[in-house]
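> quick one, what's the 3D model for this:
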Amino acid sequence: MKVWGQTVDDETRCVHYRTPKDIIAIKFACCGRYYPCHLCHEEAESHQATQWPIGERRTKAILCGACSSELTIDEYLKTDRCLHCCAPFNERCSLHAHLYFEM
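Predicted structure coming up:
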């Protein structure tokens with residue numbers, strides 16, 4: 001799966017967020033491309049990011065950088081780790097959830 005933006009490793013960490021737990025990429029609703037974060041999207045695209053509507057929560061739009069599994073938005077919002085490989089996700093990402101998902 002291609003991840004766009006300024007990634008710094010094979011687990012989807014980027015120049016903006018690169019702690020051991022920053023291992024997810026989000027497929028943006030506006031362009032269908034996976035980016036590690038909202039800043040990477042903002043720097044690379046000429047359009048504004050749009051949020052995933054609440055009705056799209058069953059869409060696979062989260063990529064685990066540890067095992068390359070895709071999670072649905074609903075699965076991701078209800079957990080703090082990958083449902084497939086159990087790799088922990090950064091719990092502070094919830095602070096930015098409103099940038100990606102209609103809440």
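> now do the SS call for Glu43.
Under DSSP: H, G, I helix; E, B strand; the rest coil, Glu43 falls in the helix class.
> these two touch, right, it and Cys14?
No: counting by CB atoms under 8 Å, Glu43 stays clear of Cys14, with 9.9 Å between them. Every residue, glycine included, has its C-beta placed from N, CA and C.
> give me the common contacts of the two.
The contact sets of Glu43 and Cys14 overlap at 5-6 (CB atoms under 8 Å, 6 or more residues apart in numbering).
> so which of the two has more stuff around it?
Neighbours were counted for Glu43 and for Cys14 using other CB atoms under 10 Å; Cys14 has more, 21 against 15.
> ramachandran angles for that one?
Backbone torsions for Cys14, taken as degrees, to the nearest 10, come to phi -130, psi 180.
> residues in contact with it?
Cys14 is in contact with 5-8, 22, 35-37, 39-40, counting by CB under 8 Å, 6+ apart.
> do that again at 7 Å, thanks
Applying CB atoms under 7 Å, 6 or more residues apart in numbering, we find Cys14 in contact with 5-8, 36-37, 40.
> farthest-separated two in these?
Farthest-apart pair in those is Val8 and Cys37; separation 11.7 Å (CB to CB).
> ok, so of the contacts of Cys14, who is nearest Leu63?
Among these, and counting by CB to CB, the member closest to Leu63 is Pro36, at 9.4 Å.
> could you check how far that closest one is from Glu91?
Counting by CB to CB, to the nearest Å, the separation of Pro36 from Glu91 is 17 Å.
> the more surrounded of those two?
Using other CB under 10 Å as the criterion, Pro36 and Glu91 rank with Pro36 on top: 28 against 10.
> enumerate the beta-bridge partners assigned to the nearest residue to the more buried one once chain neighbours are set aside.
Excluding the flanking residues, the one nearest Pro36 by CB to CB, 6 or more residues apart in numbering is Cys14, at 3.7 Å. Applying DSSP bridges to Cys14 gives these bridge partners: Thr7.
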